[in-house]
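Participant: Could you look at this predicted model? Sequence included:
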2 protein chains.
Amino acid sequence: MPVMFATSEEAELAFYDALERADMERLMQVWADDEEVICVHPGGLRVVGHHAVQESWQEIMANGAIHIRPSNSVVLHSMMSAMHSLIEQVSVQGPESSEIVHCYATNIYHKGPTGWRMIMHHASAAPSQAGMLDLHDVPGMLH
Amino acid sequence: MPVMFATSEEAELAFYDALERADMERLMQVWADDEEVICVHPGGLRVVGHHAVQESWQEIMANGAIHIRPSNSVVLHSMMSAMHSLIEQVSVQGPESSEIVHCYATNIYHKGPTGWRMIMHHASAAPSQAGMLDLHDVPGMLH
């Protein structure tokens, strides 16, 4: 089944949905396969190229689905590309219960002949206050 | 003096050069001022907006210049935007000597009426092997 994401938002929904379902095929449909792609997992080495990116997700998903709730998205559009900056609320299973850790993700999408596809995912650990607070251009918020 | 960067590479050179010289004015010329900008410093909270980004760099540069050697750049171009993924070799002054730590940086530039400007800088700590090794689409390299 061919896929075609009409917007970068659609591609992003599919990305986190595929992680939630541990659906590798769907996940790799989100990534561009006609140009270089790059992925930085939190704490990991940089991964370059479609095949290497696929292997990195396979390793991560070896233990099952990944539950990430994307939030606080800021989207900056250009003509044929879009940058999404967001906070990932990642559910991590502890010994007794699950807890939430926060990551910052920068997701970049390009529009090509097959619609919008991901070309970059850079995720890194965020401070625990990240869920509630950005440092903003709002008078008084920084002081 | 107005500035105009003809390419994203020129803007990136100016960015790291401004950090090296602790030149705040030059640094903020690199950042777009006609649209939202976002900055994630390693371990810090997300910073949104030109003024807040400026304050964050001022805090960081309060102790002087920052010596970063950019390396291993992978650049993905779109029509009016460019994404640079690179390894920052950051000189950190220890009690007796300086050492190098590695960060991954994702720098995004948009082309506007005033040339190429930075709209996003996402930097995060990288493993110590980052300087030598990416996980690549090269047969045999992953195993």
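Facilitator: That came through, no problem.

Participant: Check which element follows the longest helix along chain A along the chain.
Facilitator: For chain A, the helix reaching the highest residue count under DSSP state H is reported as helix A:8-21. The helix or strand immediately downstream of helix A:8-21 is helix A:24-30, counting by DSSP states H and E.

Participant: How about that following helix and chain B, touching?
Facilitator: No - with CB under 8 Å from any CB of the partner chain as the threshold, helix A:24-30 lies outside contact range of chain B, at a closest distance of 13.5 Å. Yep, even glycine has a C-beta here, placed from its N, CA and C like the rest.

Participant: Check which helices and strands the helix or strand bottoming out on mean pLDDT in chain A sits against.
Facilitator: Ranking every helix and strand in chain A by mean pLDDT, DSSP states H and E puts strand A:135-136 at the bottom, with a mean of 80. In terms of contact count using 3 or more CB pairs under 8 Å, 6 or more residues apart in numbering or on different chains; DSSP states H and E, strand A:135-136 is assigned the packing partners strand B:46-48, helix B:50-60.

Participant: A:Leu19 - nearest residue in space that isn't next to it in sequence?
Facilitator: A:Ile66 (4.4 Å; CB to CB, 6 or more residues apart in numbering or on different chains).

Participant: contacting residues around that neighbour?
Facilitator: Residues in contact with A:Ile66, defined by CB atoms under 8 Å, 6 or more residues apart in numbering or on different chains, are A:19-20, A:22, A:60, A:90.

Participant: next one: A:Gly115
Facilitator: When the contact criterion is CB under 8 Å, 6+ apart, the partners of A:Gly115 are A:3-6, A:11.

Participant: try 10 Å this time
Facilitator: Contact partners of A:Gly115, counting by CB atoms under 10 Å, 6 or more residues apart in numbering or on different chains, are A:2-8, A:10-11, A:109.

Participant: Let's see if you can find the most crowded of those residues.
Facilitator: Neighbours here are counted as other CB atoms under 10 Å in any protein chain shown. On that basis the top member of the contacts of A:Gly115 is A:Tyr109, with 29 neighbours.

Participant: how would you label A:Val3: helix, strand or coil?
Facilitator: When the structure is split into helix, strand and coil by DSSP: H, G, I helix; E, B strand; the rest coil, A:Val3 lands in coil.

Participant: what residues are up against it?
Facilitator: A:Val3 neighbours (CB under 10 Å, 6+ apart): A:10-11, A:14, A:25-26, A:29-30, A:114-115, A:117.

Participant: Please spell out the PyMOL selection for the buried subset of these.
Facilitator: The PyMOL command for the buried members of the contacts of A:Val3 (criterion: 16 or more other CB atoms under 10 Å in any protein chain shown) is given here:
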select buried, chain A and resi 10+11+14+26+29+30+115+117
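
Participant: Out of the contacts of A:Val3, flag the one nearest to chain B.
Facilitator: Checking these against chain B by CB to the nearest CB gives A:Arg117 as the nearest, at 11.8 Å.

Participant: Tell me how many other residues surround A:Arg21.
Facilitator: The criterion is other CB under 10 Å. On that basis, A:Arg21 has 12 neighbouring residues.

Participant: For B:Ile68, see how far away it is.
Facilitator: Remark: distance between A:Arg21 and B:Ile68 (CB to CB, to the nearest Å) = 40 Å.

Participant: you'd agree A:Val75 is up against A:Asn107?
Facilitator: Yes - in terms of CB atoms under 10 Å, A:Val75 counts as a neighbour of A:Asn107; the distance is 9.5 Å.

Participant: Let's verify A:Gly43: helix, strand, or coil?
Facilitator: Local secondary structure at A:Gly43 is given as coil here, using three-state DSSP.

Participant: can you dump the C-alpha coordinates of stretch A:118-136 into CSV?
Facilitator: Only the C-alpha atoms of stretch A:118-136 are listed here, as CSV (Å, rounded to 0.1, in the frame of the first residue of the first chain):
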residue,chain,number,x,y,z
MET,A,118,10.9,12.8,7.5
ILE,A,119,14.6,13.5,6.8
MET,A,120,15.8,14.2,10.4
HIS,A,121,14.9,13.2,13.9
HIS,A,122,17.1,14.6,16.7
ALA,A,123,15.9,13.8,20.2
SER,A,124,17.7,14.5,23.4
ALA,A,125,16.9,14.3,27.1
ALA,A,126,15.2,17.5,28.5
PRO,A,127,15.1,18.8,32.0
SER,A,128,12.2,17.6,34.1
GLN,A,129,10.6,21.1,34.0
ALA,A,130,10.5,20.9,30.2
GLY,A,131,6.8,19.8,30.2
MET,A,132,5.7,23.0,31.8
LEU,A,133,8.1,25.7,30.8
ASP,A,134,9.8,27.2,27.7
LEU,A,135,12.0,30.3,28.0
HIS,A,136,9.8,32.7,25.9
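
Participant: No further questions, thank you.
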